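Undergrad: Pasted the sequence and its predicted model underneath.
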Amino acid sequence: MTEPGDWRNGLRPHVADEIEHIVRAFRDRPDGAKEITVVPVDGGVDHMFAEGEILVREEHLDRVLEAVEHPTRQELEQAGRLQPVIAGHVLVTLGEPHPTVSAALDRVEQRHGRGIASPNHVLTVCPDGAAHACPATEPEEVYYHVEPHPGVCWDGDGRGVLVYTADTGLLRDAETHPWLAGVQVADPARDYDPHTPMTGSPPAIPPYTGHGTFVAGVLRCMAPAADIIVTNAFSFAGSTVESDLVQRLETAYRHGVDIFHLTIACPSRHDLPLPAFGEWLRRLGASKGTVCVAAAGNSGKRRPTWPAAFPEVISVGALGADWRSRASFSNYGPWVDVYAPGRDIVNAFATGAYTCHVGPYTGQVRNFYGMAKWSGTSFSTPIVTGLIASRMSRTGENAKHAAAALLAEARAAAIPGVGPVLLPRRTS
């Protein structure tokens with residue numbers, strides 16, 4: 001395994017540029033630095049995780065601590081190194097001196113098998129197993145005052161449907177786009193994008209800024225009257241760790257959400273499901289009528305990414321610009337439920353100057369005037385979420401029933417060599 005300090009040597013240059021940006025963002029966290037370990041494979045990244053932290057199924061905690069020769073449960077609690085994440089799962093902070101996370105999990109798996117303990121994986125809008133970034137491109141310039149594509153569709157407007165979007169937050173001037181009027185943030189103190197207003201003339205647009213607004217804009221074009229809450233869940237270079245995301249989603253239940261929308265993904269150690277997220281999904285399944293929709297990711301591979309690969313999640317891949325073939329960047333395989341347009345989508349973005357940070361365009365400055373063209377499964381996913389919301393308002397079905405009906409339509413319209421397909425409805 002490549003040591004943490006030389007992981008860049010195993011990656012293709014443009015992937016290394018993206019991952020370095022993420023690693024640096026976690027290192028500079030205002031609430032305390034996290035060291036991110038990057039595990040390379042075949043020029044990309046096998047998985048990433050927070051060093052020194054492991055997620056453990058609580059029923060196996062004593063066996064795990066004994067395997068890694070760590071203090072008892074009581075001693076960890078007294079030292080503040082045992083944090084509840086969700087029912088049945090805790091986060092253990094390994095003490096000093098301690099084995100690396102990989103070494104600790106090797107010991108656990110040798111004694112007790114896989115699945116009772118896991119790294120605290122990094123999830124990101126730039127999935128880290130990728131040959132491509134996610135989004136699959138950095139934002140691209142469009143003409144001033146260009147209309148969104150796909151355009152606003154009023155055939156079933158999503159009225160009365162609440163969508164909770166975990167993303168990078170909402171731009172402060174989002175409502176200058178009429179189709180985004182009324183979109184809300186969960187917490188004005190932390191969910192605007194970026195956290196502090198952009199400065200400069202023109203304003204400098206940080207990487208990942210505008211992603212959440214763009215996603216909300218695509219969703220609103222499919223369901224223009226849907227209620228949308230946008231959160232800044234991925235505030236560290238478009239990334240977060242599993243423990244933080246699950247705790248945030250747990251608190252979202254109080255909103256009475258119909259659809260949880262997640263444009264985030266990660267590959268995992270041994271391709272195993274994310275344990276704490278799986279528990280959240282189990283709890284979500286107990287609530288009548290609610291669904292979770294997630295992006296399949298942009299590695300262009302068959303390998304599953306999480307949370308999209310969970311059977312309970314509606315996973316969305318991307319079609320190419322012709323809407324008939326799979327986009328080259330889209331993940332695929334039997335775990336992907338449906339494909340929707342994801343190449344050259346046009347929607348709301350920030351105003352200002354954006355400096356590319358991924359090769360071969362590193363250093364190139366692009367100027368934006370409130371709209372952009374972008375590609376990725378991040379942007380095919382809100383098309384599907386919006387179509388579910390639209391159907392709910394037309395038929396009165398709950399989200400589970402509406403999603404099931406739409407997936408049946410998608411299977412009936414499946415494209416050979418691609419899979420089930422959903423396309424935006426024509427404006428009435």
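TA: Yes, it's here.
Undergrad: what's the average pLDDT for the longest helix seen in the chain?
TA: Longest helix in the chain by number of residues, with DSSP state H as the criterion: helix 377-395. For helix 377-395, the mean per-residue pLDDT is 96.
Undergrad: counting contacts, what elements does that helix pack onto?
TA: If contacts are counted by 3 or more CB pairs under 8 Å, 6 or more residues apart in numbering; DSSP states H and E, helix 377-395 sits against helix 211-222, strand 259-262, strand 291-295, strand 314-319, strand 338-341, strand 345-355, helix 399-412. C-beta coordinates here come from the backbone N, C-alpha and C atoms, glycine included.
Undergrad: got the angle between the longest one and strand 314-319?
TA: Translated: helix 399-412. In terms of direction (axes from the mean of the first three to the mean of the last three CA atoms, to 10 degrees), helix 399-412 departs from strand 314-319 by 40 degrees.
Undergrad: what distance separates helix 399-412 from the centre of its chain?
TA: 22 Å (CA atoms, centre = their mean, to the nearest Å).
Undergrad: Over to the second one?
TA: The chain centroid and the centroid of strand 259-262 are separated by 10 Å, computed with CA atoms, centre = their mean.
Undergrad: Tell me the helices and strands packed up against the helix or strand following that strand.
TA: Sequence order places helix 275-285 as the next helix or strand after strand 259-262, per DSSP states H and E. Helix 275-285 sits against strand 44-57, strand 82-86, strand 89-93, helix 242-251, with contacts defined as 3+ CB pairs under 8 Å, 6+ apart.
Undergrad: repeat that with 10 Å
TA: Contacts defined by 3 or more CB pairs under 10 Å, 6 or more residues apart in numbering; DSSP states H and E place helix 275-285 against strand 44-57, strand 82-86, strand 89-93, strand 117-124, helix 242-251, strand 259-262, strand 291-295.
Undergrad: separation between residue 220 and residue 151?
TA: Applying CB to CB, to the nearest Å, the value for residue 220 to residue 151 is 11 Å.
Undergrad: what touches both of these two?
TA: residue 179 (CB atoms under 10 Å, 6 or more residues apart in numbering).
Undergrad: Looking at those two, which has the bigger crowd around it?
TA: Taking other CB atoms under 10 Å, residue 220 and residue 151 do not tie; residue 220 has more neighbours (30 against 12).
Undergrad: hang on, the more buried one packs against residue 182?
TA: Yes: between residue 220 and residue 182 there is a contact under CB atoms under 10 Å: 9.0 Å.
Undergrad: what residues do those two have in common as contacts?
TA: Taking CB under 10 Å, 6+ apart as the contact rule, residue 220 and residue 182 both touch 174, 226, 228.
Undergrad: so what's the last one up against?
TA: Contacts for residue 228 (CB under 10 Å, 6+ apart) come out as 158, 161-165, 170, 180, 182-185, 215-217, 219-220, 259, 261, 382, 385-386, 389.
Undergrad: any idea of the mean pLDDT in the helix or strand where it lies?
TA: Secondary structure from DSSP H and E places residue 228 in strand 227-232. In this model, strand 227-232 has an average pLDDT of 96.
Undergrad: Show me how this structure divides into domains.
TA: Domains of the chain are assigned by automatic domain parsing as 4-124, 162-412.
Undergrad: Kindly supply the PyMOL command isolating those of the contacts of residue 228 that are buried.
TA: A single PyMOL command is used to select the members of the contacts of residue 228 judged buried by 16 or more other CB atoms under 10 Å:
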select buried, resi 158+161+162+163+164+165+170+180+183+185+215+216+217+219+220+259+261+382+385+386+389
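Undergrad: ok, residue 110 touching residue 68?
TA: No: here residue 110 does not reach residue 68: they are 11.2 Å apart, not a contact under CB under 10 Å.
Undergrad: Compare these two (neighbour count), which wins?
TA: residue 68 (21 against 9).
Undergrad: For that one, grab phi and psi.
TA: Note on residue 68: its backbone torsions stand at phi -100, psi 10 [degrees, to the nearest 10].
Undergrad: What score does it have for pLDDT?
TA: Looking at residue 68, the pLDDT reads 88.
Undergrad: isn't it right next to residue 102, touching?
TA: No: counting by CB under 10 Å, residue 68 sits too far from residue 102 to count as a contact (11.7 Å).
Undergrad: in stretch 70-89, what counts as buried?
TA: 70, 76, 81-82, 85-86, 89.
Undergrad: Output those as JSON lines; include the columns distance to residue 312.
TA: As requested, the buried residues of stretch 70-89 are exported to JSON lines (distance: CB to CB, whole Å):
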{"residue": "70", "distance to residue 312": "33"}
{"residue": "76", "distance to residue 312": "31"}
{"residue": "81", "distance to residue 312": "31"}
{"residue": "82", "distance to residue 312": "28"}
{"residue": "85", "distance to residue 312": "19"}
{"residue": "86", "distance to residue 312": "15"}
{"residue": "89", "distance to residue 312": "17"}
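Undergrad: quick one: which of those is nearest residue 13?
TA: Of all these, residue 85 has the smallest distance to residue 13: 35.6 Å, by CB to CB.
Undergrad: quick one, what contacts the closest one?
TA: Shown in contact with residue 85 (CB under 10 Å, 6+ apart): 55-56, 58, 91, 120, 242-247, 250, 275-277, 279-280.
Undergrad: In PyMOL, select just the buried ones from those residues.
TA: Listed next is the PyMOL selection for buried residues among those, using 16+ other CB under 10 Å:
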select buried, resi 55+56+58+91+120+242+243+244+245+246+247+250+275+276+277+279+280
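Undergrad: show me the contacts for residue 187.
TA: Contacts of residue 187 by CB under 10 Å, 6+ apart are 169, 229, 231-232.
Undergrad: looking at these, which has the most residues close by?
TA: Using other CB under 10 Å as the neighbour criterion, residue 169 leads the contacts of residue 187 with 29 neighbours.
Undergrad: What ranges does the stretch 1-150 of the chain have for its helices?
TA: Using DSSP state H, counting those that start in this stretch, the helices found in the stretch 1-150 of the chain span residues 13-27, 61-67, 73-78, 101-112.
Undergrad: how about those in TSV, adding distance to residue 46?
TA: Compiled in TSV, the helices of the stretch 1-150 of the chain are given as follows (distance: least, CB to CB, whole Å):
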stretch	distance to residue 46
helix 13-27	12
helix 61-67	22
helix 73-78	29
helix 101-112	11
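Undergrad: just those helices: most buried one?
TA: Among these, helix 13-27 has the highest mean neighbour count (mean count of other CB atoms under 10 Å), at a mean of 19.
Undergrad: tell me the most buried of the domains of the chain?
TA: domain 162-412 (a mean of 21).
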